[in-house]
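Peer 1: structure of the sequence below:
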Amino acid sequence: MTLRTRLTAWYGGVFLIAGVALVGLNYWLLADWFVPADGVAVATDPTMARTVPLNDVQTLDVAALPQDAVVLSAAAVKTDILATVLWQSAIALVVAAVLAVWLGWVVAGRVLAPLHEITTTAHRLEATRLDQRIELEGPPDELKELADTFDGMLDRLASSFDSQKRFVANASHELRTPLAVQRTLIEVALADPDVSAETRRLGAHLLDTNERSEKLIDGLLVLARSDRGLSTREPVWLDEVVDDEVASCAALAAEKKVTFAVESRRYLVDGDPVLLAQLVGNLLRNAVLYNEPGGSVSVRLDRQLVVANTGPTVPAQAVPGLFEPFRRLRDRTGTAGSGLGLSIAQSVARAHQGSVKARPNGGGGLVVEVNLPETGVRQGP
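Peer 2: This is a model prediction of the structure:
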């Protein structure tokens, strides 16, 4: 039962109790204070009865009365009047109760309207979109205070999230410089022809670790950038982005012995071409890295972008966790991925008012579906 229904029930119940008490009080007062004239009532219609005093009753010519005449005593008149008042009051009470319930429903709706605004605003909020505010107008009552408190909380949360995103972006940017210096020093040291084989193995391992760190930092930069939303937009042909990213993954696919099957049509979106390239590229690289030798990657762009790969079986309950940063399946920890691929894809899609969903692929692997708002009229076949 909703709060509005409960409030309406309370309004109607209180009114009904008060109405019954009022009718009972009126009935009691009327019965206690109403004393009809000492005589009898004579009329063809009891509601139009006239009183004849008792001392004149002996002269009342009954034969002269109409055949449908009714002769009532004073007590009978009182009983009849009280009964009429009672049932008419009951009918009036029922009608008034129905009106009270309807008015209670309307008033409860108006009273709870600010709460609906608060609830609607809360539903629109996301960690990456805290720009919504209630800004309730009205008298300074409890609901206005609640709405203002909620807006203040959102201001603090937005400030906190912005500070966190700026920190991640700045820290990631600052970390790139020492990593670049380390990579240069290692490459210079390995260029010396007198370096021992053991030192070369160590240097190769350090370069590989350095490369992983650089990819991780690049991923954090992209994640922080997409979480801040898009400052500018431009038309981007998503099918061209898909073709470019498939070509850039060709060497990795050949190394892993994975084949691509691409089917696309012209697809125009408004957004950031760099972020969209990161989204598509991350999905394709994930599909190759988390595959098996001789496997395949299917890329289909029609009403949505669908990337499906073969590979190890993915439990359905583990899929939601793959969208969290640095989360990977146990059998994926030996790959070259940083655990940010799907997180970046989801963040970029949200920045473009889209969404990303994933589900296990039958027989092994994963199917990722990306929905991005299409701009303009469909082009091509």
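
Peer 1: walk me through the domains of the protein.
Peer 2: The record, using automatic domain parsing to delimit domains, assigns the chain the ranges 3-124, 142-226, 233-371.

Peer 1: and those as CSV, adding mean pLDDT and distance to residue 136?
Peer 2: Any C-beta I mention is one placed from the backbone N, CA and C, and that applies to glycine too. Below are those laid out as CSV (pLDDT from 0 to 100; distance: least, CB to CB, whole Å):
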stretch, mean pLDDT, distance to residue 136
domain 3-124, 73, 5
domain 142-226, 78, 4
domain 233-371, 84, 27
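
Peer 1: as a markdown table, the ones you listed with mean neighbour count and distance to residue 135 would be great.
Peer 2: Shown next, in a markdown table, are the domains of the chain (neighbours: other CB atoms under 10 Å; distance: least, CB to CB, whole Å):
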| stretch | mean neighbour count | distance to residue 135 |
| --- | --- | --- |
| domain 3-124 | 13 | 9 |
| domain 142-226 | 14 | 7 |
| domain 233-371 | 18 | 23 |
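
Peer 1: quick one: contacts for the residue lying closest to residue 3 once chain neighbours are set aside?
Peer 2: Nearest non-adjacent residue to residue 3, counting by CB to CB, 6 or more residues apart in numbering: residue 112, 6.4 Å away. Shown in contact with residue 112 (CB atoms under 8 Å, 6 or more residues apart in numbering): 3-4, 7.

Peer 1: before we move on, the earlier item: the domains of the chain: which one's closest to residue 132?
Peer 2: domain 3-124 (5.0 Å; CB to CB).

Peer 1: straight-line length of the closest one, end to end?
Peer 2: Counting by CA to CA, to the nearest Å, you get 22 Å between the two ends of domain 3-124.

Peer 1: against residue 351, how distant is residue 233?
Peer 2: 10 Å (CB to CB, to the nearest Å).

Peer 1: meant to ask about residue 317
Peer 2: On the measure of CB to CB, residue 317 and residue 351 end up 28 Å apart.

Peer 1: can you check residue 283 too?
Peer 2: Residue 283 is 16 Å from residue 351, by CB to CB.

Peer 1: and what of residue 17?
Peer 2: Taken as CB to CB, the span from residue 17 to residue 351 is 57 Å.

Peer 1: what do you get for residue 276?
Peer 2: Residue 276 is 10 Å from residue 351, by CB to CB.

Peer 1: same thing with residue 301?
Peer 2: 19 Å.

Peer 1: the helices in this structure, which residues?
Peer 2: For the chain, the helices defined by DSSP state H occupy 3-33, 74-124, 142-190, 197-227, 238-248, 250-256, 273-289, 341-351.

Peer 1: residue 358: which of those helices is closest?
Peer 2: Across the helices of the chain, closest to residue 358 is helix 341-351 (CB to CB), at 7.0 Å.

Peer 1: elements contacting that closest one?
Peer 2: For helix 341-351, the packing partners by 3 or more CB pairs under 8 Å, 6 or more residues apart in numbering; DSSP states H and E come out as helix 197-227, helix 273-289, strand 355-360, strand 366-371.

Peer 1: quick one: contacts for the closest residue to residue 283 other than its chain neighbours?
Peer 2: Nearest non-adjacent residue to residue 283, counting by CB to CB, 6+ apart: residue 307, 4.6 Å away. Going by CB under 8 Å, 6+ apart, residue 307 touches 283-284, 287, 297-299, 367-368, 370.

Peer 1: let's have these in JSON lines, adding distance to residue 95.
Peer 2: Output for the contacts of residue 307, formatted as JSON lines (distance: CB to CB, whole Å):
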{"residue": "283", "distance to residue 95": "66"}
{"residue": "284", "distance to residue 95": "72"}
{"residue": "287", "distance to residue 95": "70"}
{"residue": "297", "distance to residue 95": "73"}
{"residue": "298", "distance to residue 95": "69"}
{"residue": "299", "distance to residue 95": "69"}
{"residue": "367", "distance to residue 95": "62"}
{"residue": "368", "distance to residue 95": "63"}
{"residue": "370", "distance to residue 95": "60"}
